[in-house]
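Engineer: The following block contains a protein sequence and its predicted model.
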Amino acid sequence: MDGAVVAVGFAAPFGRIEAGALRALAAAARERDVGELRLSPWRTLYAPIAAAPAATALLGAAAACGFIVDAADPLLSIEACPGAPGCRSTTLDTRATARALAPLLARLGCRSCHISGCSKGCARSRTADLVLVGAGERFGVLRYATAQGQPHVFVSPERISELPNLLETV
């Protein structure tokens, strides 16, 4: 690359980085002579790197640490609150639901998704194409709304894979 420096990026799912994952990523970067990681406001870390093989290896290490390394990953379209057990306002695991829902977003025609454990909607205040909001042991489902809206239908976390069919009936 003749002295050229490129940046490789790794996104933090839901904007959250666990300490162990960050330590592992920093160690992988150090092994590849990367002296810094830069944080962007868009839940992404960037590393300047001068060697293409090292960049590829660092992307692989970041993926193994749980970071998103593919710009087309549907998880990047989802904003999810911490959910249970991280928040007392819900008993629902919003992040597990987000991971189950991510592969369905294209089929649902969604470019943005908000999964909230309760109607406070802490993770996103603006409208999303698809909103799941906790209501007891299930999620209320809304289209083109916020977490404060009135759900069209309800779905349990175990039945998220059925959401495309459920929304066809609404």
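Structural biologist: Right, received. Where do you want to start? Computed from a predicted model, the values in this text were never measured in an experiment.
Engineer: who's in contact with the residue nearest to residue 157 when sequence neighbours are not counted?
Structural biologist: Computed as CB to CB, 6 or more residues apart in numbering, the closest residue to residue 157 that is not its neighbour in sequence is residue 97, at 5.2 Å. Backbone N, C-alpha and C define where each C-beta goes, glycine included. Contacts for residue 97 (CB atoms under 8 Å, 6 or more residues apart in numbering) come out as 80, 83, 115, 132, 139, 157, 160.
Engineer: and if we set it to 6 Å?
Structural biologist: By CB atoms under 6 Å, 6 or more residues apart in numbering, the residues touching residue 97 are 115, 157, 160.
Engineer: ranking those by neighbours, who comes first?
Structural biologist: Neighbour count (other CB atoms under 10 Å) singles out residue 115 as the most crowded of the contacts of residue 97, with 29 neighbours.
Engineer: Just list whatever residues bridge to that one.
Structural biologist: For residue 115, the beta-bridge assignment (DSSP bridges) gives partners residue 80, residue 132.
Engineer: let's number from 96 now, not from 1
Structural biologist: Okay, residue one is now 96; in that scheme the one you just asked about reads as residue 210.
Engineer: my guess is it meets residue 227, correct?
Structural biologist: Yes: assessed by CB atoms under 6 Å, residue 210 is found in contact with residue 227 at 4.7 Å.
Engineer: And residue 97, what's its pLDDT?
Structural biologist: pLDDT, residue 97: 59.
Engineer: Please parse the chain into its domains.
Structural biologist: 101-159, 169-263 (automatic domain parsing).
Engineer: First-to-last residue distance for the shortest one?
Structural biologist: What it means is domain 101-159. End-to-end distance for domain 101-159, by CA to CA, to the nearest Å: 21 Å.
Engineer: just how off-centre is it within its chain?
Structural biologist: Here domain 101-159 shows a centroid-to-chain-centroid distance of 16 Å under the convention CA atoms, centre = their mean, to the nearest Å.
Engineer: pLDDT averaged over that domain - what is it?
Structural biologist: The predicted confidence, averaged over domain 101-159, sits at 93.
Engineer: Which stretches in this protein count as strands?
Structural biologist: Along the chain, the stretches classed as strands by DSSP state E are 101-106, 133-134, 139-144, 173-175, 208-211, 223-230, 233-240, 248-250.
Engineer: among those, which is nearest residue 217?
Structural biologist: When the strands of the chain are compared by CB to CB, strand 208-211 sits nearest residue 217, at 6.9 Å.
Engineer: List the neighbours of the closest one that are in contact with it.
Structural biologist: Everything outside strand 208-211 that qualifies as a contact, by CB under 6 Å, 6+ apart, is 172-176, 189, 192-193, 219, 223, 225-228, 242.
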